[in-house]
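S.K.: Sharing a model prediction with you, sequence too.
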Amino acid sequence: MELSAREIATYLNGEVEGNPDTKVSGFARIEQATQNTLCFLANPKYESYLYTTGAGIAVVSKSFKLRQPPSCAVVWVDDAYRGIATLLDIYATLNAVQRRGREYPSRVSWRAKVGKNCYIGAFAYIAKGAKVGNNVKIFPRVYIGNNATVGDSCILYPGVTIYAGCHVGNSCILHAGAVIGSDGFGFAPDENKRYKKIPQIGNVVLEDDVEVGANTCIDRATMGSTVIHRGVKLDNLVHIAHNVEVGKNTVMAALTGIAGSTKIGEGCMFGGQSGVIGHLTVGNNVSLTARAGVASNIKDNETHMGFPNMPIGLYRRSHVVFRNLPDLQKKVQQLEQEISNIKSKT
Amino acid sequence: MELSAREIATYLNGEVEGNPDTKVSGFARIEQATQNTLCFLANPKYESYLYTTGAGIAVVSKSFKLRQPPSCAVVWVDDAYRGIATLLDIYATLNAVQRRGREYPSRVSWRAKVGKNCYIGAFAYIAKGAKVGNNVKIFPRVYIGNNATVGDSCILYPGVTIYAGCHVGNSCILHAGAVIGSDGFGFAPDENKRYKKIPQIGNVVLEDDVEVGANTCIDRATMGSTVIHRGVKLDNLVHIAHNVEVGKNTVMAALTGIAGSTKIGEGCMFGGQSGVIGHLTVGNNVSLTARAGVASNIKDNETHMGFPNMPIGLYRRSHVVFRNLPDLQKKVQQLEQEISNIKSKT
Amino acid sequence: MELSAREIATYLNGEVEGNPDTKVSGFARIEQATQNTLCFLANPKYESYLYTTGAGIAVVSKSFKLRQPPSCAVVWVDDAYRGIATLLDIYATLNAVQRRGREYPSRVSWRAKVGKNCYIGAFAYIAKGAKVGNNVKIFPRVYIGNNATVGDSCILYPGVTIYAGCHVGNSCILHAGAVIGSDGFGFAPDENKRYKKIPQIGNVVLEDDVEVGANTCIDRATMGSTVIHRGVKLDNLVHIAHNVEVGKNTVMAALTGIAGSTKIGEGCMFGGQSGVIGHLTVGNNVSLTARAGVASNIKDNETHMGFPNMPIGLYRRSHVVFRNLPDLQKKVQQLEQEISNIKSKT
């Protein structure tokens, strides 16, 4: 793929500054780019690189006001991040490995159904009663349990495990080692403090367009379903417990954990290593910073931080004082001394 | 399975309120239940649903004092959670898929021993010298290394890896992707700050009735054994480092990490994302809240919170003040002002 | 292997105290050792065991000043931990299972290249264009994607997944379930708050002598490479996001997460469950305590704690006051009262 600045501007509905005939044949990060590559600038942290980058072309958001002439041709667009996403999409589509057909040995029960144009890698296992849609890519070493279903156009990377009875919607991407439908963590202690397992007879439902990161685990419900709604994106090593519900278009960064029966709203953004305890309700469009640990319900549109969680503004103000607590303590001691002095005088 | 309220009361040694002939054929959560399903009420948070649930029958703990008539037949029992566990157990047993025999291709060394009535899924691997007991279910893609042993009646879900020389007791359940016996994280720095690997020649021992969550990792000991005692339950994505010992009937929620050589007592309950640093001793019946990070030994029967950990009562009292630190700081500033005023007057 | 204290001293360039003819044939932890085993003492926490251990021989660092006669022969060395590492290395080498050759069924593309003296376990998959060096151990169920490369003398334990186009250097060890090259977590929201996937066309590069723990995940770069430099050691369940760079000889304990585009220096030591947010720079030789959450750049040679991170000394001093915040609050209230009294008198 070789594209000129003019062509890129046409694709992205943008405007060229500099030589419109500059050509590039690949992508690079702005700080590492070379002459025949294209970079982008969306994050203000990287602005200074625009004046020194070796790239041939930079796609830049119109919101930037340049303080120097850029060192390359610029295609101005409304949103550089979305623009580059579009170009990467074209690139990835053109370069995608066409996988189709079945490799051997693999095991597909004669009582399973597999749609058209699928790829089934070696050592994949599709159990009886399972149903797989059309255009699905099942990489080697994927396991799809009894009566589980997988919708159209999904990609299941190596080592994905889908337990019996779970449902994966259309256009879902499951990364290597993801586990869908392991037993919820439910035990009842007996008189001797030994734990008796509570059978987990529910399942997991992933709606359409869900992406699940590598080695992320989503437990099946005790009864009913653990539900991940449409458009949810989960990063690597995330834990979703039994009977949780995650609202559509919510994203969670790596190492986040949601405890049992908690309900998360739509459009939420959870930072890495955040968590929510069980049986809570988190509203729509809630943001959690990295490390936030939620121990109480949160209303729509709030941003929380800390553990137990506080609204971010309050947390930050308290943390500023925390950083200077020894000073505060010292002041209090001085005040005590001064008052004692005053009292001794009067 | 269709059961009447009267039959359920007989099973659970409970008492019926309402029509004893009401029949149900499945389970549901109290907030989602329909007429032919059974629900339960053990957590006070859900009490209000008892007055509106569509369920046919609810199993309810006797400790509840109802404030309205329930909307369905009620079977009163001592402990609803344990009662429902019993019923789910019966249900799960009746509905269990009977797996037995060996699927191909799978690889069992002629120098391995496998007991009676086992299931060995396709792509499973049992290395030489390994020993597997009776009635074991080995799902596809399980790996059992050289000289490792697995007791009777275990279930190893897809993708479980048991490294060479590790021992799994009877009636253990290992969920998908669990790793038993990876090398402990031991390195000795040389003069140039390069790390030299310390061979980890020990192993892991899981005693009977241990459940290990999906993608949970338990490292082998440097020497001797990492030991998980009888009845321990580990949730998903838990990390147990080398030479750790976990006492019987201890449970740990997801994303918890225990660092090397630490000894955890019996009957402990650790919340999600909690952790304990290395070379510590945590007593029996210790509870950690979610996120607790233990940096010092803990005595029996204590509950800790925060990092570095504090007894829960102390932590909470400090945290209440933390939430209002800006106010406290302001007050101190006012006091300084007032004292300055007083001093200028005198 | 049976070795005398004299022979061990010769190997380790140490000095014997006690009977130089004492013989041992195995290793044990100092608190559990029996007569024919060797133990070591490097951590002061375990000193008291030296006076009671049942071991035949203890390897002890010269820095220890004994307060009693030891209960066994002692080999004094400069660094007991490194000494025992050397002995374990000899032991492990002598006892290593010699794996070589290819087991079936396994799948190696005719367009892949595999070097000499390799072991390829059953159910392993090496895709087209992949290149594997000499003396590599590929355990069962390993997946090496299209055009990926693996250097000489690597060990890939069961269930490792290396995505297409990623590079693993020489002498790397990847533990079970490790995932190299899953897609970075990159999405651009559209007008309706739905997330559009940004194709991740970069890769992951592991340089030589890197060890990756069980179920650890390293994401591929959006463009360019996520780079793990020479000698880095990652524990279990670690998350490394896209475009991260980790400097040589840096070690990270379990459950640590590094967010996207962050650059970590050389020689760093990160405690368990620590984390660094995205787009930051952490200097060389930086230490993070367990649980540290880094939200701002850190200079060389600093040690940080807490979230948001603070230099360890400052954090500890603030935390000491935090533990007594209720007292501080009380004092302030008393001061208020006293001042009010003073004012009413004047």
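M.R.: Done, it's in.
S.K.: And the helices in the stretch 201-346 of chain A, which stretches?
M.R.: Shown for the stretch 201-346 of chain A, the helices assigned by DSSP state H, counting those that start in this stretch span residues A:312-323, A:325-345.
S.K.: I'd like to know which of the ones you listed lies nearest to residue B:201.
M.R.: helix A:312-323 (45.3 Å; Cβ to Cβ). Every residue, glycine included, has its C-beta placed from N, CA and C.
S.K.: So for that closest one, mean pLDDT?
M.R.: Helix A:312-323 carries an average pLDDT of 96.
S.K.: Any residue of it touching chain B?
M.R.: Yes: using Cβ under 8 Å from any Cβ of the partner chain, we find that helix A:312-323 touches chain B at A:314, A:317-318, A:320-322.
S.K.: Output the below-cut-off pLDDT ranges for chain A.
M.R.: By pLDDT under 70, the weakly predicted segments of chain A are A:1, A:346.
S.K.: how's it carved up into domains?
M.R.: As given by automatic domain parsing, the domain ranges for chain A are A:3-95, A:101-314, A:315-345.
S.K.: Output those domains in a markdown table; the columns should cover mean neighbour count and distance to residue C:101.
M.R.: Formatted as a markdown table, the domains of chain A follow (neighbours: other Cβ atoms under 10 Å in any protein chain shown; distance: least, Cβ to Cβ, whole Å):
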| stretch | mean neighbour count | distance to residue C:101 |
| --- | --- | --- |
| domain A:3-95 | 18 | 36 |
| domain A:101-314 | 23 | 19 |
| domain A:315-345 | 16 | 59 |
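S.K.: who wins for proximity to residue B:241 among those?
M.R.: Among the domains of chain A, the nearest to residue B:241 by Cβ to Cβ is domain A:101-314 (16.9 Å).
S.K.: Just give me the closest of the residues of helix A:312-323 next to chain B to residue C:329.
M.R.: Ranked by distance to residue C:329 (Cβ to Cβ), the residues of helix A:312-323 next to chain B are led by residue A:321 at 12.2 Å.
S.K.: which residues in the stretch 51-200 of chain A form helices?
M.R.: Going by DSSP H, counting those that start in this stretch, the stretch 51-200 of chain A shows helices at A:80-95.
S.K.: for chain C, what are the nearby residues on it?
M.R.: A:79, A:81-82, A:84-85, A:88-89, A:91-92, A:95, A:97, A:103, A:105, A:121-123, A:139-141, A:157-159, A:173, A:175-177.
S.K.: and if you look at the stretch 201-346 of chain A?
M.R.: Counting by Cβ under 8 Å from any Cβ, the stretch 201-346 of chain A comes close to chain C at A:209, A:211, A:213-215, A:231, A:233, A:235-237, A:249, A:251, A:253-255, A:267, A:271-273, A:290-291, A:319, A:322-326, A:328-329, A:332, A:335-336, A:339, A:342-343, A:346.
S.K.: State the distance from the closest residue to residue A:287 other than its chain neighbours to chain B.
M.R.: In space, residue A:287 comes closest to residue A:303 once its chain neighbours are excluded; the distance is 4.1 Å by Cβ to Cβ, 6 or more residues apart in numbering or on different chains. Applying Cβ to the nearest Cβ, to the nearest Å, the value for residue A:303 to chain B is 16 Å.
S.K.: Next: residue A:233.
M.R.: 18 Å.
S.K.: so that residue touches residue C:185, yeah?
M.R.: Yes: here residue A:233 reaches residue C:185: they are 7.1 Å apart, a contact under Cβ atoms under 8 Å.
S.K.: shared neighbours of these two, anything?
M.R.: Jointly contacting residue A:233 and residue C:185 under the rule Cβ atoms under 8 Å, 6 or more residues apart in numbering or on different chains are residue A:251.
S.K.: Indicate which one of the domains of chain A is closest to residue C:71.
M.R.: Among the domains of chain A, the nearest to residue C:71 by Cβ to Cβ is domain A:101-314 (37.6 Å).
S.K.: Now do the closest one: distance from first to last residue.
M.R.: Start-to-end span of domain A:101-314 (Cα to Cα, to the nearest Å) is 57 Å.
S.K.: Now find how far off-centre that domain is within its chain.
M.R.: On the basis of Cα atoms, centre = their mean, to the nearest Å, domain A:101-314 sits 12 Å off its chain's mean C-alpha point.
S.K.: Filtering the residues of the stretch 51-200 of chain A next to chain C by proximity to chain B, which remain?
M.R.: Applying Cβ under 8 Å from any Cβ to these, those adjacent to chain B are A:105, A:123, A:141, A:159, A:177.
S.K.: show me what contacts the third one?
M.R.: Residues in contact with residue A:141 (Cβ under 8 Å, 6+ apart) are A:121, A:123-124, A:158-159, B:123, B:141, B:159, C:123, C:125, C:141, C:143, C:159.
S.K.: do that again at 10 Å, thanks
M.R.: A:106, A:121-125, A:156-161, A:176-177, B:123, B:140-141, B:158-159, C:123-125, C:141-143, C:159, C:161 (Cβ atoms under 10 Å, 6 or more residues apart in numbering or on different chains).
S.K.: Which ones among those lie within strands?
M.R.: For the contacts of residue A:141, the ones inside strands are A:125, A:156, A:161, C:125, C:143, C:161, with DSSP state E as the criterion.
S.K.: Same list, those, but only the ones touching chain B.
M.R.: When contact is defined as Cβ under 10 Å from any Cβ of the partner chain, the ones in strands among the contacts of residue A:141 meet chain B at A:125, A:161.
S.K.: Just confirm residue A:39 is within a strand.
M.R.: Yes: when DSSP: H, G, I helix; E, B strand; the rest coil is applied, residue A:39 is found to be in a strand.
S.K.: from memory it sits against residue A:83, does it?
M.R.: No: in this structure, residue A:39 is not within contact of residue A:83 by Cβ atoms under 10 Å, at 11.7 Å.
S.K.: Now the common contact residues for these two.
M.R.: A:59-60.
S.K.: Name the residues of the stretch 1-150 of chain A found near chain B, please.
M.R.: So far as Cβ under 10 Å from any Cβ goes, the stretch 1-150 of chain A lies against chain B at A:104-107, A:122-125, A:127-129, A:140-147.
S.K.: Can you name the element that comes right after the host helix or strand of residue A:8?
M.R.: Assessed by DSSP states H and E, residue A:8 sits inside helix A:5-12. Note on helix A:5-12: by DSSP H and E, the next helix or strand toward the C-terminus is strand A:15-17.
S.K.: ok, and what's touching the helix or strand following that following strand?
M.R.: Sequence order places strand A:23-24 as the next helix or strand after strand A:15-17, per DSSP H and E. Contacts to strand A:23-24, defined as Cβ under 10 Å, 6+ apart, come from residues A:1-8, A:33-39, A:55-57, A:72-73, A:87.
S.K.: circling back: relative to residue B:308, which of the ones next to chain B among the residues of the stretch 51-200 of chain A next to chain C is nearest.
M.R.: residue A:177 (32.8 Å).
S.K.: what sits opposite residue A:61 in the beta ladder?
M.R.: Taking DSSP bridges as the rule, residue A:61 bridges to residue A:77.
S.K.: ignore the last one, residue A:239
M.R.: Under the criterion used (DSSP bridges), residue A:239 bridges to residue A:217, residue A:257.
S.K.: possible to save the helices of the stretch 201-346 of chain A as CSV with distance to residue B:190?
M.R.: Shown next, in CSV, are these (distance: least, Cβ to Cβ, whole Å):
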stretch, distance to residue B:190
helix A:312-323, 38
helix A:325-345, 39
